[in-house]
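Asks: dropping a prediction and its sequence here:
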Amino acid sequence: MKNNYNFQLVFALIAILFTSCIEDKETTPYVPGSEGFHVAHSGAFSKPKTASVSAISMTDTDTTFSHLAYKSANGEELGGNIEGFDSNGQLTVITTASTSQIIICDTKTLEKRFVVTDSVDNPRYTAFDGNKAYVTVWGPIQPDYSYINPKVLVINLSTGKLENWFSVGSNPEGIAIKDGKLYVAPSYTANVEVYDLSDLSAAPELINIDAAPQHFAFDADNNLWVSATGAWNFVVADENKGLAKLNTSNNTLETLINYTGIGGDGYIKASSDGSTIYGIGAEAWPSTTTEIVEFNLSSKKYDTIITGEGFKGVGQNPASKDIYVAVTPDYENSGLVNVYTETGTKKGSMEVGLAPYHFIFY
């Protein structure tokens, strides 16, 4: 019953915790609890020191919110805009694009273990396999704002050393591992690339999805899904947008849940039990109107469960089953984390750092 008690405690303290001013939370030291969650804020690109990690930690008797949890744990700023924030349950990999760093820290305590800078140019997202982390990298930015030399870095999590790297397609975003295969989403192409972990020098197989692949999610049966979006450099037909299921036995597109409103970032996250996948929809820029949709993987349909402005990230707390939504109203003021029931009823809201995006629950 401890989980239920702690999350009841959180919302009993909403009036105190969630509405207190952000300056008070900046001075609260981060002490990890028996459970809790972290939220990463990418910050503003012109202000790299605005990136941070906030944390709520819970014990049987107390709940605390530390706005600058990473700084509290390490005595230093992150120093760069966060892109990726991925965990294998023990370690968290934070990638900072503006300063081109890969930071490896303890998932629960946020204490830094290693910083990788070798061959790191605009890193993105991470997949884990044993003691190795595979990180997508866009490569150096050019005067015309394009990127060259995209790759995946292979990092030893025990030593923090770069062990290997290999070239991939343009602007790789999501990355996933299944059955000895590595799946990469080069977001400026129409293909998912499939590499054999036993021979990363071999040319990849391609899965054409007729859309720009962005991010991956696994369902309860370990099926692999990828978001299929539009890209600035090529036009994607509406009928090809949505959530695509990949057949990993023969490397083909198996099915598509068509959702024309899927946001350009293609951010998706599986529910805690893997029965559904949450996605973020967005109207075309400069509109800030967004929505959270729930993809029913059995019926191959989706439902809009939450609507609002400036949604950037979503996750489900495995303890409470509540849905957490990261809200970025702009890049000058503090963001918000809104908390909803599984059916989309709002329970509370907390002020966090600039441009919140990713959640990690422990």
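Replies: Arrived safely, thanks for sending. Residues are numbered from 1 along each chain as shown.
Asks: can you give me the strands in the stretch 1-150 of the chain?
Replies: For the stretch 1-150 of the chain, applying DSSP state E, counting those that start in this stretch gives strands covering 35-41, 52-58, 63-66, 82-87, 91-96, 101-106, 112-116, 123-129, 132-137.
Asks: the shortest one pairs with which strands?
Replies: According to DSSP bridges, strand 63-66 has the following sheet partners: strand 52-58 (antiparallel).
Asks: circling back: compare the strands of the stretch 1-150 of the chain and give me the one nearest residue 318.
Replies: Closest to residue 318 of these is strand 35-41 (C-beta to C-beta; 9.5 Å). C-betas here are computed from N, CA, C, even on glycine.
Asks: between strand 91-96 and that closest one, find me the angle.
Replies: 10 degrees (axes from the mean of the first three to the mean of the last three C-alpha atoms, to 10 degrees).
Asks: packing partners for strand 35-41?
Replies: Here strand 35-41 touches strand 52-58, strand 82-87, strand 323-327, strand 356-361, going by 3 or more C-beta pairs under 8 Å, 6 or more residues apart in numbering; DSSP states H and E.
Asks: can you list the ones you listed in CSV and add mean pLDDT, mean neighbour count and distance to residue 249?
Replies: Shown next, in CSV, are the helices and strands packed on strand 35-41 (pLDDT from 0 to 100; neighbours: other C-beta atoms under 10 Å; distance: least, C-beta to C-beta, whole Å):
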stretch, mean pLDDT, mean neighbour count, distance to residue 249
strand 52-58, 94, 25, 39
strand 82-87, 97, 22, 26
strand 323-327, 98, 24, 32
strand 356-361, 97, 22, 31
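Asks: now those as JSON lines including distance to residue 233?
Replies: JSON lines is the format used below for the helices and strands packed on strand 35-41 (distance: least, C-beta to C-beta, whole Å):
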{"stretch": "strand 52-58", "distance to residue 233": "32"}
{"stretch": "strand 82-87", "distance to residue 233": "20"}
{"stretch": "strand 323-327", "distance to residue 233": "27"}
{"stretch": "strand 356-361", "distance to residue 233": "23"}
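Asks: hang on, the earlier thing: now the strands of the stretch 1-150 of the chain in a markdown table, with distance to residue 276?
Replies: Listed next are the strands of the stretch 1-150 of the chain as a markdown table, based on distance: least, C-beta to C-beta, whole Å:
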| stretch | distance to residue 276 |
| --- | --- |
| strand 35-41 | 20 |
| strand 52-58 | 24 |
| strand 63-66 | 28 |
| strand 82-87 | 21 |
| strand 91-96 | 25 |
| strand 101-106 | 30 |
| strand 112-116 | 34 |
| strand 123-129 | 21 |
| strand 132-137 | 26 |
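Asks: returning to what we had before: out of the helices and strands packed on strand 35-41, which gets nearest to residue 155?
Replies: Of those, nearest to residue 155 by C-beta to C-beta is strand 82-87, at 12.2 Å.
Asks: residue 256: what's it in contact with?
Replies: Shown in contact with residue 256 (C-beta atoms under 8 Å, 6 or more residues apart in numbering): 209, 228, 240, 242, 243, 244, 245.
Asks: roughly how far out does the host helix or strand of the second one sit from the chain middle?
Replies: Counting by DSSP states H and E, the element that carries residue 228 is strand 224-229. Strand 224-229 sits 14 Å away from the centroid of its parent chain (C-alpha atoms, centre = their mean, to the nearest Å).
Asks: which SSE is immediately downstream of that strand?
Replies: strand 242-247.
Asks: nearest approach to residue 341 belongs to which of the helices and strands packed on strand 35-41?
Replies: strand 323-327 (7.4 Å).
Asks: what packs against that closest one?
Replies: Counting by 3+ C-beta pairs under 8 Å, 6+ apart, strand 323-327 packs on strand 35-41, strand 301-309, strand 311-316, strand 336-340, strand 356-361.
Asks: next, the angle from it to strand 336-340.
Replies: Inter-element angle recorded for strand 323-327 and strand 336-340: 160 degrees (by the same axes, to 10 degrees).
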